[in-house]
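Asker: just need the structure, nothing else, for what follows:
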Amino acid sequence: MTSRIVSVTRTDLQQLRKLLQSEFACALSGGRSHLADLDKALDCTTVVEPEEMSPDVVTMNSTVELRDMDSNDAETYTLVYPHEACIAEGKLSILSPLGAEIFGRRIGQSVTLPLLNRKTQKRVERIYFQPERAGALHYY
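Answerer: Sure, this is the predicted structure:
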């Protein structure tokens with residue numbers, strides 16, 4: 001199985017594993033296959049140190065521009081952990097379907113998500129901020 005996640009930092013992997021095993025994530029996971037898909041993708045990805053992360057990959061706390069492939073509208077989000085999420089402020093939870101799908105994607109890659117009775121496709125257009133590229137290497 002090839003992972004849809006290009007690579008993950010050791011720090012993000014540790015934090016995401018802890019989050020996906022938490023009571024909070026377990027309570028959410030019923031009927032939410034995207035969380036199981038994220039967990040499986042983490043099993044199959046390449047783990048790198050934060051300073052080795054490619055600058056074109058969406059990591060935790062990255063601010064990205066997504067383009068809706070149907071409407072051509074652009075949206076900007078920062079991918080965050082659930083306790084920081086606030087969609088009104090553009091802070092998208094990693095546990096949301098869109099957040100789980102864009103994590104680990106490269107600039108130019110697209111994701112397809114169900115939206116009501118149809119599918120929507122979004123492409124990662126740009127990464128405005130990636131903590132690893134900025135030197136914020138999240139050593140916890």
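
Asker: name the nearest residue to Val111, ignoring sequence neighbours.
Answerer: Glu101 (4.1 Å; Cβ to Cβ, 6 or more residues apart in numbering). Bear in mind the C-beta positions are built from the backbone N, C-alpha and C, glycine included.

Asker: for that neighbour, phi and psi?
Answerer: Main-chain torsions, Glu101, degrees, to the nearest 10: phi -80, psi -40.

Asker: what pLDDT does it get?
Answerer: As predicted, Glu101 sits at a pLDDT of 94.

Asker: in space, not sequence, find me the middle residue of this structure.
Answerer: For the chain, Phe103 is the residue whose C-alpha lies nearest the centre (Cα atoms, centre = their mean; 2.1 Å).

Asker: isn't that residue up against Leu79?
Answerer: Yes: with contacts counted by Cβ atoms under 8 Å, Phe103 reaches Leu79, the gap being 6.3 Å.

Asker: which neighbours do these two have in common?
Answerer: Val58, Thr59, Met60, Ile94 (Cβ atoms under 8 Å, 6 or more residues apart in numbering).

Asker: turn the residues you listed into CSV, columns for secondary structure.
Answerer: Converted to CSV, the shared contacts of Phe103 and Leu79 look like this (DSSP: H, G, I helix; E, B strand; the rest coil):
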residue, secondary structure
Val58, coil
Thr59, coil
Met60, coil
Ile94, coil
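
Asker: does Val48 touch Arg10 like I think?
Answerer: Yes: counting by Cβ under 8 Å, Val48 does reach Arg10; the two are 7.2 Å apart.
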